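J.: Turn this into a structure:
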Amino acid sequence: MRINTIFPGYISKYGGPSYVCNHILEAMSAVGVDVNLYCVTGDNPSHKSFHRLTMPLWAKPIGYKLLSADTWAMFTEWRYLRSLKDLDIAYIWNSASLETYKTVKSAGHIILTENVNTHRATSKKILDAEYHRLGLMPTHGIDEASIKLEREQLELVDYVFSPSSEVTKSLLDADVPNEKIIRTSYGLTESNILASQDVTNRVQRTELTAVFVGRIGIRKGVHRLLEYWVKAGVKGKLKLVGPIEASARHLVEPYLGKHNIEHIPGAADLRPVYMDADVFIFPSLEEGSPLVTYLALGAGLPSLVSPMGGGGIINHGDEGLVIDAYNAEEWIDSIRKVFSDSELRMRMSRNAYKKAEEYLWGNVGRRRANSLQSSLAMSGDNNRT
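T.: Next comes the predicted model:
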């Protein structure tokens, strides 16, 4: 089985879809799958032998000055189309153009794609409702044209990787056939798993810290979290780690520096952030399967999450509590419960830490390869496996 992949952009070591794509392919390669990744360029530490760069690493200082990002992307897609061989499975990330999907389809290739987040129709519905509730004009950037584009892309593909149950539900709601959907997850690296001593040392702390990590905006439900936190009135600190989005600044800034709420604009290394925390808290309104939640497992943190924020990996009562993002009373009670019950925190911490290994990228890659092979066999495409 050869998976020929296109991500017509920059491969980052800091997270996001390109980071996920890179780790998925590296993990599948490690279990014997032949992979290629056509991309523009990337961070030097992210470079892998299976990369097929349009812009050499040495050319990065001048490359984007000579040509626009869109031009580099178009050239990457052109190179990708020329590279396809007869039995290749085309793994197309949805930042590629619709024309690339159509060209690959007409050539008879099996097309695989990735829905990093929920279907845009679901995303728009959720976010429009919240913006309107707040009396704001939506600035999330999802419009009918982008929804139409996603529908057309999904009609052309044979299989779509879905990283969480919430993404799967959104795909089914958008009339994507169940047999097209391959249920999977994302993952974390071994370096993302703290030493056991760092996890057990939390027991000695007298003042607890809850941590939110990510873009601080309406989509992530931070404005709701701040309200819940203040009403819970627990003794402890809430750290918000990440940039504040312009659309939410007026909702967030009045809380900063009060009620033991601290803002950290960002951190290149999140390990110390998770090491210093006692509880992970993530009430996101719309997500796929957020990497920050996997990091919470690796840090052995009990989690307070919404169904979206849980990413399909936090089980209610086991690694944390899964709470409806809109249920203020339950959020307030849950914050109080986790902060007051040390035995509950310790049990959830042990469960989270134990579960982290299941989601190491190597294990995720093996499960993905097996699931894809099973789907191909069921559809009669055995010559691709």
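J.: contacts, neighbours, all on C-alpha from now
T.: Fine.
J.: Next one: D333 from D341, what distance?
T.: To D341, D333 is 12 Å away according to C-alpha to C-alpha, to the nearest Å.
J.: ah, wrong one, I meant K231
T.: Here the distance between K231 and D341 works out to 18 Å (C-alpha to C-alpha).
J.: Looking at those two, which has the bigger crowd around it?
T.: Per other C-alpha atoms under 10 Å, whichever of K231 and D341 has more neighbours is K231, with 17 against 10.
J.: Helix or strand: which one has the closest residue to the more buried one other than its chain neighbours?
T.: Spatially, and ignoring its direct neighbours in sequence, K231 is nearest to I332 (6.7 Å; C-alpha to C-alpha, 6 or more residues apart in numbering). Assessed by DSSP states H and E, I332 sits inside helix 328-340.
J.: buried sites along that helix?
T.: Using 16 or more other C-alpha atoms under 10 Å as the burial criterion, the residues of helix 328-340 that qualify are A328, W331, I332, S334, I335, R336, V338, F339.
J.: okay, which residue is most central for the protein?
T.: Closest to where the C-alpha atoms of the chain average out (C-alpha atoms, centre = their mean) is P290, at 3.6 Å.
J.: Please work out how many residues are found near the closest residue to that residue other than its chain neighbours.
T.: In space, P290 comes closest to G311 once its chain neighbours are excluded; the distance is 5.9 Å by C-alpha to C-alpha, 6+ apart. Neighbour count for G311, taken as other C-alpha under 10 Å: 27.
J.: just the one 10 residues further on next, same as before
T.: Each residue near L321 was counted by other C-alpha under 10 Å, and the total is 23.
J.: what's across from it in the sheet?
T.: Listed beta-bridge partners, L321: L304 (assigned using DSSP bridges).
J.: quick one, what contacts it?
T.: The neighbours of L321, taking C-alpha atoms under 8 Å, 6 or more residues apart in numbering as the test, are S303, L304, V305, I314, N315, S334.
J.: Quick one, grab the pLDDT at it.
T.: According to the predicted model, the pLDDT of L321 comes to 98.
J.: just T385 next, same as before
T.: The score at T385 is 62. That number is its pLDDT.
J.: In a markdown table, list the buried residues of helix 328-340 along with distance to R215.
T.: What follows is the buried residues of helix 328-340, written out as a markdown table (distance: C-alpha to C-alpha, whole Å):
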| residue | distance to R215 |
| --- | --- |
| A328 | 21 |
| W331 | 20 |
| I332 | 22 |
| S334 | 23 |
| I335 | 21 |
| R336 | 25 |
| V338 | 24 |
| F339 | 24 |
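J.: Could you save the residues you listed as TSV and add columns showing pLDDT?
T.: Converted to TSV, the buried residues of helix 328-340 look like this (pLDDT from 0 to 100):
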residue	pLDDT
A328	98
W331	98
I332	98
S334	98
I335	98
R336	98
V338	97
F339	96
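J.: Please identify the one among those residues that lies nearest to I142.
T.: A328 (26.9 Å; C-alpha to C-alpha).
J.: for the closest residue to that closest one other than its chain neighbours, what are its contacts?
T.: If you skip the residues right next to it in sequence, A328 has Y228 as its closest partner in space, 6.3 Å away by C-alpha to C-alpha, 6+ apart. Going by C-alpha under 8 Å, 6+ apart, Y228 touches A328, W331, I332.
J.: try F161
T.: Applying C-alpha under 8 Å, 6+ apart as the definition, the contact partners of F161 turn out to be L112, T113, E114, N115, I181, I182, R183, T184.
J.: bridging residues for the fifth one?
T.: With DSSP bridges applied, I181 shows beta-bridge pairing to V160.
J.: surely it meets T168?
T.: Yes. Applying C-alpha atoms under 8 Å, one finds I181 in contact with T168, separated by 7.3 Å.
J.: Pull up the overlap in contacts between those two.
T.: Counting by C-alpha under 8 Å, 6+ apart, the residues touching both I181 and T168 are S162.
J.: contact partners of the helix holding I332?
T.: Judged by C-alpha under 8 Å, 6+ apart, the contacts made with helix 328-340 from elsewhere in the structure are 208, 228-229, 231-235, 304, 321, 323-325, 344-345.
J.: Mark which of the residues you listed are buried, thanks.
T.: For the contacts of helix 328-340, burial is judged from neighbour counts taken by 16+ other C-alpha under 10 Å, and it is met by 208, 228-229, 231-232, 234, 304, 321, 323-325, 344-345.
J.: Which of the residues you listed fall within strands?
T.: Counting by DSSP state E, the part of those found in strands is L208, L304, L321.
J.: residues contacting the first one?
T.: For L208, the contacting residues are K235, G236, K237, A277, D278, V279, F339, taking C-alpha under 8 Å, 6+ apart as the criterion.
J.: so what's it bridging to?
T.: The residues that L208 bridges to, once DSSP bridges is applied, are G236.
J.: which residues sit in contact with the residue nearest to H51 when sequence neighbours are not counted?
T.: In this structure, H51 finds its nearest non-sequential neighbour in L37, 4.9 Å apart by C-alpha to C-alpha, 6+ apart. For L37, the set of contacting residues under the criterion of C-alpha under 8 Å, 6+ apart consists of N4, T5, I6, F7, L25, F50, H51, R52.
J.: if you set the cut-off to 7 Å instead, what comes out?
T.: Contacts were defined as C-alpha atoms under 7 Å, 6 or more residues apart in numbering; by that measure L37 touches N4, T5, I6, F50, H51, R52.
J.: in which helix or strand would I find the first one?
T.: Assigning secondary structure by DSSP H and E places N4 in strand 2-11.
J.: Identify the residues contacting that strand?
T.: With C-alpha under 7 Å, 6+ apart as the test, strand 2-11 has contacts from 18-19, 33-43, 46, 73, 76-77, 80, 88-93, 95-96.
J.: Give me the subset of those residues lying in strands.
T.: Per DSSP E, the subset of the contacts of strand 2-11 in strands is 34-42, 89-92.
J.: Any regions of this structure where pLDDT drops low?
T.: Scanning the chain for pLDDT under 70 picks out 382-385.
J.: can you map out the helices along the stretch 1-150 of the chain?
T.: Secondary structure of the stretch 1-150 of the chain (DSSP state H, counting those that start in this stretch): helices at 17-30, 60-66, 69-83, 98-106, 120-133, 144-156.
J.: Cool, thanks, signing off.
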